[in-house]
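J.: Make a model of this:
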Amino acid sequence: MNCGENIYIWQDSHWPNWRYSLSALTKRLAEVSHAQGMLLGRLTDVGLTLRDQARLTALTEDVVKSSEIEGEALNADSVRSSIARKLGVDIGALAPVDRYVEGIVDMMLDATSHAQTPLTFERLSGWHAALFPTGYSGMSKIAVGQCRDDANGPMQVVSGPIGRHTVHFRAPPAHTLPNEIAQFLTWANKETGDPLLIKAGLAHLWFVTLHPFDDGNGRIARAVGDLFLTRADGSPQRFYSLSAQIQRERRDYYNVLERTQKGTLDVTEWLQWFLGTLNRAVASAQTTLDTALDKARFWQRWACTPLNPRQVKLLNRLLDGFEGKLTSSKWAAIAKCSPDTALRDITSLLALGILKKSDSGGRSTGYELARCPVLP
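T.: Numbers count the residues shown, from 1 in each chain. You can find the predicted model right below:
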């Protein structure tokens with residue numbers, strides 16, 4: 001385009017022969033491997049129940065945050081319930097789940113639980129169909145489980161108002177997709193000599209560059225990346241979420257992706273960013289594990305104390321990291337009870353020493369968890 005100049009990597013005459021400097025990536029590869037080893041080492045010592053909870057937390061975050069990157073908000077309780085049921089993890093009462101959430105969860109679990117199964121177009125099509133069970137993306141009917149046909153113009157990633165929008169990327173023409181996808185799948189299913197963590201970064205980049213479907217390409221690209229990360233881990237159990245870290249660094253993600261797709265086939269910068277983000281995702285999982293351990297210790301401490309369902313629900317919200325100040329009015333709204341009932345719930349927890357009044361000022365009294373005594 002633009003006077004015949006190549007402006008996207010797929011237009012390079014050597015496409016798709018990726019290049020990268022392994023020496024420039026060695027340090028980050030070592031850092032990620034060390035962080036993964038530390039995390040897995042901790043998880044081997046915490047018991048099966050807590051490992052299941054850590055896995056459930058990571059997978060729930062992965063599904064929710066991958067959709068958030070695309071501007072879609074999922075109900076975290078529904079996602080958690082869907083995953084728990086499919087994994088056989090007991091979390092008590094289950095939240096209602098719709099088929100849209102079920103489809104996204106099915107895709108993610110297939111990518112990670114069956115990571116060693118060859119990646120085929122039929123499998124990718126199944127993931128796409130799972131993402132769009134009604135055949136619609138919003139109000140637009142799309143070709144589900146099929147490659148896009150570009151009937152309405154080339155596939156582009158744009159931002160800004162109509163008429164003054166910015167084109168960030170244009171994908172390869174639809175007529176080239178059969179050959180493009182065949183090349184990608186051949187590479188995906190053979191031993192290429194690339195370190196597996198690097199192959200995960202390349203797979204993510206390659207798929208999102210092809211953009212083969214009408215919609216859902218970003219989520220499927222992240223699922224493809226997760227498949228290769230699972231192969232690198234050597235275990236179908238995932239305890240960290242790369243999608244959650246990408247969501248936290250969303251602006252950087254889109255910036256480095258755009259530079260890469262408009263650059264050369266030397267994708268060292270992309271891989272440096274990918275490995276750095278992965279390292280931060282594993283570090284974040286350590287924090288999540290700390291929270292899970294604190295939660296387990298808390299309930300171990302108060303296991304023999306009779307609490308009503310409202311108290312259990314709100315205490316879990318506090319343990320998971322309640323945003324803002326918990327007041328009696330918020331308690332009543334979340335627990336769906338009267339203000340008087342909320343105050344009685346809180347008063348009994350204050351008497352037990354489970355809650356304490358927070359030091360924060362304001363017109364309303366706030367409450368927080370008291371420091372949990374160390375168990376012998």
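J.: Could you give the number of residues near F239?
T.: 22 (other Cβ atoms under 10 Å). C-beta coordinates here come from the backbone N, C-alpha and C atoms, glycine included.
J.: Model confidence score at it, please.
T.: According to the prediction, F239 has pLDDT 87.
J.: And C372, by the same measure?
T.: 56.
J.: In stretch 105-115, which residues are buried?
T.: For stretch 105-115, burial by neighbour count (16 or more other Cβ atoms under 10 Å) applies to V105, D106, M107, M108, L109, D110, A111, T112, S113, A115.
J.: ok, now stretch 300-317?
T.: Residues of stretch 300-317 classed as buried by neighbour count (16+ other Cβ under 10 Å): W302, L307, R310, Q311, K313, L314, L315, R317.
J.: quick one: it to chain centroid distance?
T.: Remark: stretch 300-317 is offset 29 Å from the chain centroid, using Cα atoms, centre = their mean, to the nearest Å.
J.: Kindly report the same for stretch 24-34.
T.: For stretch 24-34, the distance to the chain centre is 22 Å (Cα atoms, centre = their mean).
J.: Stretch 288-295 now?
T.: 19 Å.
J.: hey, where'd the strands end up in the stretch 1-150 of the chain?
T.: Secondary structure of the stretch 1-150 of the chain (DSSP state E, counting those that start in this stretch): strands at 136-137, 140-141.
J.: what number of residues lie near the residue nearest to V46 when sequence neighbours are not counted?
T.: Counting by Cβ to Cβ, 6 or more residues apart in numbering, V46 lies nearest to L293, which is 6.8 Å off, once chain neighbours are set aside. Neighbourhood size, L293 [other Cβ under 10 Å]: 15.
J.: center of this structure, which residue is that?
T.: D62 (2.2 Å; Cα atoms, centre = their mean).
J.: mind listing what the closest residue in space to that residue that isn't next to it in sequence touches?
T.: Residue nearest to D62 in three dimensions, not counting chain neighbours: S241, with 4.0 Å by Cβ to Cβ, 6+ apart. Counting by Cβ atoms under 8 Å, 6 or more residues apart in numbering, S241 touches A58, L59, E61, D62, K65, A281, S284, A285.
J.: now the helix or strand where the last one lies, how far from the centre of its chain.
T.: The reference is to A285. Following DSSP states H and E, one finds A285 within helix 268-301. Centroid separation for helix 268-301 versus its chain: 12 Å, with Cα atoms, centre = their mean.
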